[in-house]
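coordinates only, sequence not included:
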């Protein structure tokens, strides 16, 4: 598989995909037609136009899957697939409704490059259980694409030691997830991404990540770290 899983599509004060344009260029080398999946946001046309503008310097033709009369056929005909960010529950609900979960799994498994950002990275995991989003709609299933066998938490934020906020931190929420599931969770800060090529996975970007595993303290993951071992994860959900 060829995957580029971004924590975010934009960094603060930056332009869409600007911080990751080099990585995007590498993923899409030799590919002319990119199928964009905008279902995580309500304005499909506006979102697709923004991605087209961001990628036009690469000479890539961006097409929105929502404009296709047959979305499944569009996935099979695409040179690459990009699933954008927004609300993960809305996104996964649409993917199931359109029959695209199976279609995307099949083409990506056969070699079609996949890029995800935020919600698009969430759904590359086996489940959306580590999303930060509010469940504004109810998908038919929490089962996602499963392109990687572990979980990712995009937009990961470190606890603030001096904060007086009483709500749970991301670390606390991931710890709660691991109380009931035995699956590694990679908390990627904004500016970080995971590049998967075949059997190799490496953290890239401008920011690092934290890796959470059941029964252990979280560990810091610097940019450039080889995370290929995570591709051999045997995930277990709903464990005692």
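Right, received. Where do you want to start? Being a predicted model, the structure only gives us computed values, none of them experimental.

How is residue 111 classified with respect to secondary structure?
Under DSSP: H, G, I helix; E, B strand; the rest coil, residue 111 falls in the coil class.

list the contacts for the nearest residue to it once chain neighbours are set aside?
Nearest residue to residue 111 in three dimensions, chain neighbours excluded: residue 2, at 7.0 Å (C-beta to C-beta, 6 or more residues apart in numbering). Any C-beta I mention is one placed from the backbone N, CA and C, and that applies to glycine too. Residue 2 is in contact with 27, 111, 112, 113, 114, 196, 197, 198, counting by C-beta atoms under 8 Å, 6 or more residues apart in numbering.

Model confidence for the second one, exactly?
Predicted confidence (pLDDT) for residue 111: 96.

do residue 162 as well
67.

List the buried residues in stretch 209-224.
Buried residues in stretch 209-224, counted by 16 or more other C-beta atoms under 10 Å: 209, 210, 211, 212, 213, 214, 218, 221.

Same question for stretch 141-154.
Buried residues in stretch 141-154, counted by 16+ other C-beta under 10 Å: 144, 145, 147, 148, 150, 151, 152, 153, 154.

mind checking the end-to-end distance for it?
For stretch 141-154, the separation between the terminal residues is 20 Å (C-alpha to C-alpha, to the nearest Å).

Same question for stretch 38-58.
Stretch 38-58 has its terminal residues 20 Å apart, counting by C-alpha to C-alpha.

Can you give the contact residues for it?
Applying C-beta under 8 Å, 6+ apart, the external contacts of stretch 38-58 come out as 15-18, 21, 24-25, 28, 34, 36, 62-67, 82-88, 90-91, 94-95, 98, 118-120.

how near is residue 178 to residue 119?
Distance from residue 178 to residue 119, counting by C-beta to C-beta, to the nearest Å: 22 Å.
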